[in-house]
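S.K.: The sequence and its predicted three-dimensional model are supplied below.
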Amino acid sequence: MADKAREITPQTLRYTVPGMKPDDAELTVGLLQDRLNALNDLALTLKHIHWNVVGTHFIAVHTMLDPQVDAVREMVDTTAERIATLGGSPQGTPGAIVAQRAWDDYSLGRDDAIKHMAALDLVYAGVVAGHREAIAATEEPDPVTQDMLIGQAAQLEQFQWFVRAHIETTGGELPTEQQDTEAGAADAAPSTTV
Ligand SMILES: [Fe+2]
């Protein structure tokens, strides 16, 4: 799920919340649509991994992921409704996500649970980095949206720690740290299956 160049497209609005400048609202809706795409994609990817993990860590990883799916779906709903609240139209169809997103589909299929954790660490890294960019970009136009994104980022960063703890050494190192592709991270992670 490597990031290509991120492009934020402002949406033209007929109205927005009281006291907000139209330009600020249009920019904020564009930023939120990008985050909605990332969260929708993440929710689907988490389920894909939930279904495809194998190996001795199967049950730990399989059961860890469902609460993350629930939390991310809640973030999807909150983000889409913030777009509508600002007078925008949230785009939630699969075609819109694929057309607008700046990253590739998750690349692992059935694979060892620890290799999936190494790849998922990179997925979370992309989503968290995007959230942090959006937090910085919404400081001025809309602190209410910024507050929502900050709450989401705290949860997403905690989930990334859950994932990283599966590949971290007792010395606190990440053997996949230098990797920038999911396949590369999966290769660098220790395998527990044949
Ligand atoms: Fe399930």
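M.R.: Now that the structure is in, tell me what you want to look at.

S.K.: From the centre of the protein outward, give me the first residue you hit.
M.R.: V127 (3.5 Å; CA atoms, centre = their mean).

S.K.: Grab the nearest non-local neighbour of it.
M.R.: Spatial nearest neighbour of V127, excluding adjacent residues (CB to CB, 6 or more residues apart in numbering): A38 at 5.0 Å. C-beta: built from backbone N, CA, C; applies to glycine.

S.K.: The strand or helix carrying the residue nearest to the centre of the chain packs against which elements?
M.R.: According to DSSP states H and E, V127 maps onto helix 113-138. Here helix 113-138 touches helix 22-52, strand 53-54, helix 58-85, helix 143-164, helix 182-188, going by 3 or more CB pairs under 8 Å, 6 or more residues apart in numbering; DSSP states H and E.

S.K.: among these, which is nearest L108?
M.R.: Nearest to L108 among the helices and strands packed on helix 113-138 is helix 182-188 (6.0 Å), distances taken as CB to CB.

S.K.: Buried residues, the closest one. List them.
M.R.: For helix 182-188, the neighbour count (16 or more other CB atoms under 10 Å) marks 182, 185-186, 188 as buried.

S.K.: Among these, find me the one that's closest to G95.
M.R.: Minimum distance to G95 across these is 23.1 Å, recorded for E182 (CB to CB).

S.K.: give me the number of residues near the closest residue to that closest one other than its chain neighbours?
M.R.: Leaving aside its chain neighbours, E182 sits nearest to A119 (3.7 Å; criterion: CB to CB, 6+ apart). Neighbour count for A119, taken as other CB atoms under 10 Å: 26.

S.K.: Surely A119 touches G184?
M.R.: No - applying CB atoms under 8 Å, one finds A119 not in contact with G184, separated by 9.1 Å.

S.K.: In a helix, T16, correct?
M.R.: No - counting by DSSP: H, G, I helix; E, B strand; the rest coil, T16 is not part of a helix but coil.

S.K.: TSV please, covering the helices and strands packed on helix 113-138 and showing mean pLDDT.
M.R.: Compiled in TSV, those are given as follows (pLDDT from 0 to 100):
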stretch	mean pLDDT
helix 22-52	97
strand 53-54	97
helix 58-85	98
helix 143-164	98
helix 182-188	94
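
S.K.: Counting neighbours, what do you get for the residue lying closest to R110 once chain neighbours are set aside?
M.R.: Closest residue to R110 apart from its sequence neighbours, by CB to CB, 6+ apart: N52 at 4.8 Å. By other CB under 10 Å, the residues close to N52 number 15.
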